[in-house]
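J.: Requesting a structural model of the entry that follows:
(chains A and B)
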Amino acid sequence: MSHWGFKIDFSLFLASYAAGAGAFLFPSLRRYRPGLILLVLAWMALSVTLVHRTVTSGHWPLSNQYESLMFLVWGVSTVYGIVLAAWFKSTEGLAPWVAAFTLLGLGAASLLDSTVEPLVPALQSNWLLIHVATTMLGYAAFTLGFVGAVAFLVKTANPGNPFDGTSLDLFLYRSGALGFCLLTLGIATGAVWANSAWGSYWSWDPKETWALITWLTYAGALHLRRMRNWRGRPFAWLMVGGFAVVLFTYFGVNYLLSGLHSYA
Amino acid sequence: MRSLPQGRGGTLLTLMPKRFLEFLGSQKLFFVLLSYVLVLCVLGGVIPQNAPLEKYHELFGSLFGGGLLALRLNDLFRSPLFTWGLTLTAINFTACTFVRWEKSKKRPAVIVSHLAMLLLFAGGALRGITSQSGILPLRIGQDRASFDRDDGTASPLPFSVRLKDFHVDYWNPDSHLLSVDNMAGDLREEAAIEIGKPISFPKAGVTVTPVRFYPHFVMGENGPSSLDDSPENPAVELRVTDKGKEHRRFVFARFGDIHADRADSDVRFSYAFQAGRIKQFESLLSFEENGREVAVKTVRVNTPAAWRGFRFFQSGYDPKDPEFSTLQVSKDPTVWLVYLGFLVLTVGVAWSFLQRREFEL
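T.: Prediction:
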């Protein structure tokens, strides 16, 4: 089921991307609705895959890089759906960009070990869901900020282009701010968990340090926007830079630095 | 940056502190300090922390390694470079809130977030002064009334702790699988084996007794041995009875072709090893005061035990010594301040996010 589930998820995200990219590339087709519907279907299929894995493994699908990457892909499409429905209907043109990222994420996940393993003792805690899920949803929001930033930079690359980026600019600001909220919660819950598991809420473990670096980076970006009026392209570049830090915190630390989070 | 309201007849003495206060609470200083702390965090996140000194010379060469140690970048987060950076940032936050009070009053979420940061700074500083931590290695039956601090000194406990029991639970234990087939390739038998228990393979007509397991097989001057308990090169020594004759052979999980077959036998062996997965570590602790047992508590990973303000965490074990357990000991009376800081910070940041005005709409 899991194997087939992955293939179905990938196919639906691919179809969503194709439909969205078609609408993006051919102005006469400028209809993003089919791509969005396919994105919703892909999200539903991925939700089923994750629920199935949860049931078969007996734990939340957040215990290793494969599972957390699948959750990140789910988180990106979930947060995009919520943001789109709640605030920014005008950013439906981002759907193919989001689908492209989810395809990249699923592609990367396919290279990882997907074996269902029982939980190591350190992860046998309810904090696993609270801490990892909030952090990954924060990364998902930062990912959306990055996707929006790239779209913004591409669309405003030519000064002669009459593109009004106000809505997209706000979208990536809100994505960054939402990610900042969730990462704050993720770090706070991680500290509480660390104190109950290791006897210290902060150990300057590489993962903790890089989570703090990510937090400080986005704190700086949000303050620059508010206090120094860094909007538009400068803020988009900040979101791109912030996402590079997110990638290192999420992937780089796992492969290059060892520490208390080495099982992640 | 708005200037502070100045009173009538302000003298140079009263103006200077205001200017100084404005500087301390300025945005420029905030961004400078943020960049400074960020750079130090990146350095501390890349340079291994608190590693043996020779490792720094090995990694960075004698010149850079020496410079790095002189700047205490090997223990960066406890170095004056970092603590002063944090202290100045805390001062900047306080001054900024005060200097920009009129503006901040209209944005309470910002005040709440800044207050939270100050609580976190205070909690961190108090932790350095009031907390105690270290390790308590114990064997079953042993008791101690002190624990070993990180600097190697012993710190007394107001009671003694005895390790009554320790055991490791497994999801599944180590498994050894032995397959036997003949040279013609038309026969194959497979069975799980246990060390010391003979097992017959009737089709192949052989009886096998696994004599010894070598997790990390090496061949030394004194014959075969295991370098350590890590399953780097799993091998099993077999005593094989084949056609009434007995011989010894070794089978290797990672090198299937070595010793798999012999000239005087028409069967070949292949061996697979799967390491057991640990489910949980469990230490049963007895707390004793005045020579009398006053409490018995179980410690597992993620389930510490607390007694008289000290908390005990399952920290380590020795695979070679099943009666040995290591506990982490911690006492942090001001941790509530940090928890409060995190709570207030989460509220402040979420409040900022949810306020429409804060989001320029």
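J.: any low-confidence regions in the stretch 1-150 of chain B?
T.: Scanning the stretch 1-150 of chain B for pLDDT under 70 picks out B:1-16.
J.: Secondary structure class of the residue in the stretch 151-300 of chain B that chain A sits nearest to, three-state.
T.: Nearest residue of the stretch 151-300 of chain B to chain A (C-beta to the nearest C-beta) works out as B:W171 at 4.3 Å. Yep, even glycine has a C-beta here, placed from its N, CA and C like the rest. Under DSSP: H, G, I helix; E, B strand; the rest coil, B:W171 falls in the strand class.
J.: tell me which residues of the helix or strand in which A:Y173 is found are tucked away?
T.: Taking DSSP states H and E as the definition, one finds A:Y173 inside helix A:166-197. Within helix A:166-197, the residues scored as buried using 16 or more other C-beta atoms under 10 Å in any protein chain shown are A:168-197.
J.: Does chain B have contacts with that helix?
T.: Yes - counting by C-beta under 8 Å from any C-beta of the partner chain, contacts between helix A:166-197 and chain B involve A:170, A:173-174, A:177-178, A:180-181, A:184-185, A:187-188, A:191-192, A:195-197.
J.: which of the residues you listed lies closest to A:G93?
T.: Comparing the residues of helix A:166-197 next to chain B against A:G93 with C-beta to C-beta picks out A:L170 as the nearest, at 14.4 Å.
J.: Touching, A:T249 and A:K207? I think so.
T.: Yes - between A:T249 and A:K207 a contact is recorded at 7.3 Å, counting by C-beta atoms under 8 Å.
J.: Return the residues of the stretch 51-200 of chain B in contact with chain A.
T.: B:F77, B:G124, B:S133, B:W171.
J.: how about the residues you listed in CSV, adding neighbour count and secondary structure?
T.: Below are these laid out as CSV (neighbours: other C-beta atoms under 10 Å in any protein chain shown; DSSP: H, G, I helix; E, B strand; the rest coil):
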residue, neighbour count, secondary structure
B:F77, 18, helix
B:G124, 18, helix
B:S133, 20, strand
B:W171, 13, strand
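J.: What is the neighbour count of A:T91?
T.: 23 (other C-beta atoms under 10 Å in any protein chain shown).
J.: how near is it to chain B?
T.: Distance, A:T91 to chain B, using C-beta to the nearest C-beta, to the nearest Å: 14 Å.
J.: For stretch B:119-139, list the C-alpha coordinates in PDB.
T.: C-alpha atoms of stretch B:119-139 as PDB (Å, rounded to 0.1, in the frame of the first residue of the first chain):
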ATOM      1  CA  LEU B 119      12.800  36.400  30.500                       C
ATOM      2  CA  LEU B 120      14.800  33.900  28.400                       C
ATOM      3  CA  PHE B 121      18.000  35.900  28.900                       C
ATOM      4  CA  ALA B 122      17.400  36.100  32.600                       C
ATOM      5  CA  GLY B 123      16.600  32.400  32.800                       C
ATOM      6  CA  GLY B 124      19.700  31.500  30.900                       C
ATOM      7  CA  ALA B 125      21.800  33.700  33.200                       C
ATOM      8  CA  LEU B 126      20.300  32.300  36.400                       C
ATOM      9  CA  ARG B 127      20.700  28.800  35.000                       C
ATOM     10  CA  GLY B 128      24.500  29.400  34.900                       C
ATOM     11  CA  ILE B 129      24.500  30.400  38.500                       C
ATOM     12  CA  THR B 130      21.900  28.100  40.200                       C
ATOM     13  CA  SER B 131      21.800  24.900  38.200                       C
ATOM     14  CA  GLN B 132      23.700  21.700  38.900                       C
ATOM     15  CA  SER B 133      24.300  18.800  36.500                       C
ATOM     16  CA  GLY B 134      26.400  15.900  35.900                       C
ATOM     17  CA  ILE B 135      26.400  12.100  35.600                       C
ATOM     18  CA  LEU B 136      25.900   9.300  38.000                       C
ATOM     19  CA  PRO B 137      27.300   5.900  36.700                       C
ATOM     20  CA  LEU B 138      26.100   3.000  38.800                       C
ATOM     21  CA  ARG B 139      26.300  -0.800  38.700                       C
END
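J.: wait, what's in contact with residue 166?
T.: Just so you know, I chose chain A. A:T166 makes contact with no residue, according to C-beta atoms under 8 Å, 6 or more residues apart in numbering or on different chains.
J.: looking at chain B here, not the other one
T.: B:F166 touches B:I140, B:F281, B:E282, B:S283, B:L284, B:Y317, B:P322, B:E323, B:F324, B:S325, counting by C-beta under 8 Å, 6+ apart.
J.: Wasn't it part of a strand?
T.: Yes - the assignment for B:F166 by three-state DSSP puts it in a strand.
J.: Spatially nearest residue to it, not counting backbone neighbours?
T.: Excluding the flanking residues, the one nearest B:F166 by C-beta to C-beta, 6 or more residues apart in numbering or on different chains is B:S325, at 4.2 Å.
J.: For the one you found, pull up the helix or strand it's in.
T.: With DSSP H and E as the criterion, B:S325 is inside strand B:321-331.
J.: residues of that strand that come out buried?
T.: For strand B:321-331, by 16+ other C-beta under 10 Å, it's B:F324, B:S325, B:T326, B:L327, B:Q328, B:V329, B:S330, B:K331.
J.: Show me the beta-bridge partners of the first one.
T.: Partner residues in beta bridges with B:F324, using DSSP bridges, are B:R139.
J.: correct me, but it touches B:R139?
T.: Yes - the pair B:F324 and B:R139 qualifies as a contact (C-beta under 8 Å) at a distance of 5.3 Å.
J.: my guess is B:E289 meets B:F159, correct?
T.: Yes - contact criterion C-beta under 8 Å: B:E289 and B:F159 qualify, at 4.9 Å.
J.: Give me the phi and psi for B:G244.
T.: phi 80, psi -10 (degrees, to the nearest 10).
J.: Quick check, pLDDT for it.
T.: pLDDT for B:G244: 81.
J.: Return the distance of it relative to B:T207.
T.: With distances taken as C-beta to C-beta, to the nearest Å, B:G244 is found 10 Å from B:T207.
J.: more crowded one of these two?
T.: Neighbours of B:G244 and B:T207, each counted by other C-beta under 10 Å, are more numerous for B:T207; the result is 15 against 6.
J.: hang on, that one is in a helix, isn't it?
T.: No - counting by three-state DSSP, B:T207 is not found in a helix; it is strand.
J.: which residues touch it?
T.: B:P198, B:I199, B:S200, B:F201, B:V240, B:T241.
J.: Near chain B, which residues of the stretch 51-200 of chain A are found?
T.: So the stretch 51-200 of chain A meets chain B at A:117-118, A:120-122, A:124-125, A:127, A:170, A:173-174, A:177-178, A:180-181, A:184-185, A:187-188, A:191-192, A:195-200 (C-beta under 8 Å from any C-beta).
J.: ok, 10 Å please
T.: A:87, A:117-128, A:134, A:169-170, A:173-174, A:177-178, A:180-193, A:195-200 (C-beta under 10 Å from any C-beta of the partner chain).
J.: Please identify the helix or strand for the residue lying closest to A:A19 once chain neighbours are set aside.
T.: Spatially, and ignoring its direct neighbours in sequence, A:A19 is nearest to A:G35 (3.8 Å; C-beta to C-beta, 6+ apart). Secondary structure assignment for A:G35, by DSSP H and E: helix A:33-57.
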